[in-house]
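> pasting the structure only:
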């Protein structure tokens, strides 16, 4: 999903360290962002239900008629090899379409409000489980347009949410620094801060949700639920586990809606973790791949659109993370 997108927004954090009036305005805008995301998901839900649900009902009726015909054939023992091949072929097609028929019952539609809302959340978050997908030409076309608009909106919203979450994170780091600066160097305090954030992320985004999912999904173990949380929040989205997949679950629509909220919340928590990780120069692997002899080049454009190169030095591990340009002149010369 391009998780590094959010890390590049770190420069905007300084804007959050502002007077209360500015913070209130930022909170209002963030609340408006929540409204926009919910409204966009609602629009997508309505459109997909209108486009895809009727086609699914037609497919179900066709499969049901086919099953009835086969029951008659089997009753009369009128089965040959070609009939068997056709039977399995149609069972495969039904399974790929997400339609399951047991006795005279079928599974709940894939395009109910809750299921479609969850589907839209998987689209704009780019998780894309792949268990259900549009079958009509209009549905596929709308998916393309919906994602082109929705993904940038979601990225921007989650980026703003991460910046907001970094306020308490930075406050925690300042507290750790004030309490431990006489014992540890600055870069060591950064590692401690990362460890604390990691514990918070592990608990709030993985352990607690995994326990809840394992209690609701009766056929999921805790490991299954943890696995689902991991492949979802890393945007791998294999689709082999999905919440609310059992037709008989109570309040399935509400459950799907809450699962969508968890997905977006969990992604923002993961972005917070990555932003904290990349704040530590020694753990920022991007610099490793673009650096040469402990230097990297920042290519910028000035006001006259002419190219200029600004060369920076990385922080030295042995000095506790103090930038080289802050060393005494004699020490600076020893590095060049």
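Happy to help now that I have it. Worth saying up front: this structure is predicted, and the values here are computed from it rather than measured.
> for residue 282, see how far away residue 25 is.
36 Å (C-beta to C-beta, to the nearest Å). Quick note: C-beta positions are derived from backbone N, CA and C, even for glycine.
> list the contacts of residue 150.
By C-beta atoms under 8 Å, 6 or more residues apart in numbering, residue 150 lies in contact with 40, 44, 120, 123-124.
> in a markdown table: those, plus secondary structure and neighbour count.
Below are the contacts of residue 150 laid out as a markdown table (DSSP: H, G, I helix; E, B strand; the rest coil; neighbours: other C-beta atoms under 10 Å):
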| residue | secondary structure | neighbour count |
| --- | --- | --- |
| 40 | helix | 18 |
| 44 | helix | 23 |
| 120 | helix | 24 |
| 123 | helix | 20 |
| 124 | helix | 25 |
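> could the residues you listed go into CSV alongside distance to residue 179 and pLDDT?
Converted to CSV, the contacts of residue 150 look like this (distance: C-beta to C-beta, whole Å; pLDDT from 0 to 100):
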residue, distance to residue 179, pLDDT
40, 43, 89
44, 47, 88
120, 45, 95
123, 45, 94
124, 41, 95
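> domains of the chain?
4-283, 285-335 (automatic domain parsing).
> which of the ones you listed sits most buried?
domain 4-283 (a mean of 16; mean count of other C-beta atoms under 10 Å).
> what's the farthest-apart pair in the contacts of residue 150?
Spatially, the most separated pair among these is 40 and 123, at 10.4 Å (C-beta to C-beta).
> from the contacts of residue 150, pick the one nearest residue 170.
Nearest member of the contacts of residue 150 to residue 170, counting by C-beta to C-beta, is residue 124, at 28.3 Å.
> surely the closest one and residue 41 touch.
Yes. The criterion here is C-beta atoms under 8 Å, and residue 124 meets it with residue 41 at 7.4 Å.
> do you have the strands of the chain handy? List them.
101-102, 105-106, 295-301, 307-313 (DSSP state E).
> now the helices: where do they sit in the protein?
4-7, 20-75, 81-96, 113-124, 137-180, 186-201, 208-216, 222-233, 252-278, 285-290, 329-335 (DSSP state H).
> mean pLDDT lowest for which of these?
For the helices of the chain, mean pLDDT drops lowest on helix 329-335, to a mean of 41.
> quick one on the thing from earlier: and the strands of the chain, which one averages the lowest pLDDT?
Taking the mean pLDDT of those, strand 307-313 comes last: a mean of 42.
> what's stretch 168-180 in contact with?
Contacts of stretch 168-180 (C-beta under 8 Å, 6+ apart): 13, 186, 189-190, 192-193, 196-197, 272, 276.
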